[in-house]
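>>> No letters, just coordinates:
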């Protein structure tokens, strides 16, 4: 409805041609909020200069320098934004990694997991995040709901400020997170010797230039996993992923009609996210304590009736 009523919708270009990942959850969400979605092959096509946002989702093939130049030229046109999504299954991508490093962002190896039993959501690879800064928090209905990153690679800030470039962490774990090595066995579990610390799941790099006496800022946002925008995550009412991403996109794209955020929340049953310690307590109650209590109550009733 928003797209139909908006005469000048904000355009988003999804880059293809390098065996990219699935971010249909994000594009569907943006489309519901009045964005126009289109695709361009980064190897053979041209990036629409009218696009406010370009998405490069977990490429499995490195991008040649001449094709990366298209992204550079697009971002040079002030006020533009790139969303880059990493993935734990990616090989080394030296050209892309060098490009990101110019924006002060690095993509680490391994997968971030949670070690605190009270913060585990489904399993260790579902890692609760903190909100970084206030830039994209203002405008949210609530910050009480959690944001979640799933099976993500750690995103590094190579610098916080350099010349006309800055970086900031927008999503980061608690300091109880650990890094599962990329070559770890399938049954790997953190031990008492495993180092824990906070790991970023989303870092924003920005460059500000002066054009015609007007400041214009281009942005590169790097996500640790495409699963951050998986439809099942975006649709959960207990999470703020969908609202946060729309609000962030609206602000970065300077979207005019951004007063109302539309999300596609699931109204049906959802799996309850509880910690392992809570699971243990529940199992103890229902497997042992409750049956024993029922037996005792039965014996008491039988004894009272027998003594009448």
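Alright, I've got the coordinates. None of these values were measured; they are calculated from a predicted model.

>>> Tell me which residues of stretch 201-212 come out buried.
By 16 or more other C-beta atoms under 10 Å, the buried positions in stretch 201-212 come out as 201, 202, 203, 204, 205, 206, 207. For glycine as for every other residue, the C-beta is placed from the backbone atoms N, C-alpha and C.

>>> oh, I was asking about stretch 158-166
Result for stretch 158-166 [16+ other C-beta under 10 Å]: buried residues 165, 166.

>>> what about that stretch, start to end distance?
Stretch 158-166 has its terminal residues 10 Å apart, counting by C-alpha to C-alpha, to the nearest Å.

>>> Stretch 105-118 now?
Where stretch 105-118 starts and where it finishes are 31 Å apart, if you go by C-alpha to C-alpha.

>>> buried ones in that stretch?
105, 107, 108, 110, 111, 112, 113, 114, 115, 116.

>>> list the contacts for the first one?
With contact set as C-beta atoms under 8 Å, 6 or more residues apart in numbering, residue 105 has these partners: 155, 156, 157, 158, 167, 203, 205, 220, 222.

>>> Name the SS class of residue 71, please.
helix (DSSP: H, G, I helix; E, B strand; the rest coil).

>>> hmm, back to that, with pLDDT added, can I get the buried residues of stretch 105-118 in TSV?
Formatted as TSV, the buried residues of stretch 105-118 follow (pLDDT from 0 to 100):
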residue	pLDDT
105	98
107	98
108	97
110	96
111	97
112	97
113	97
114	97
115	95
116	95
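
>>> List of residues touching stretch 138-148?
Contacts of stretch 138-148 (C-beta under 8 Å, 6+ apart): 121, 126-129, 131, 137, 171, 228, 233, 238-241, 243-244, 247, 250-251, 261.

>>> Weed out the non-buried ones from those residues.
Here, 16+ other C-beta under 10 Å leaves 121, 126-129, 131, 171, 228, 233, 239-241, 243-244, 247, 250-251, 261 buried among the contacts of stretch 138-148.

>>> Of those residues, which belong to helices?
233, 241, 243, 244, 247, 250, 251 (DSSP state H).
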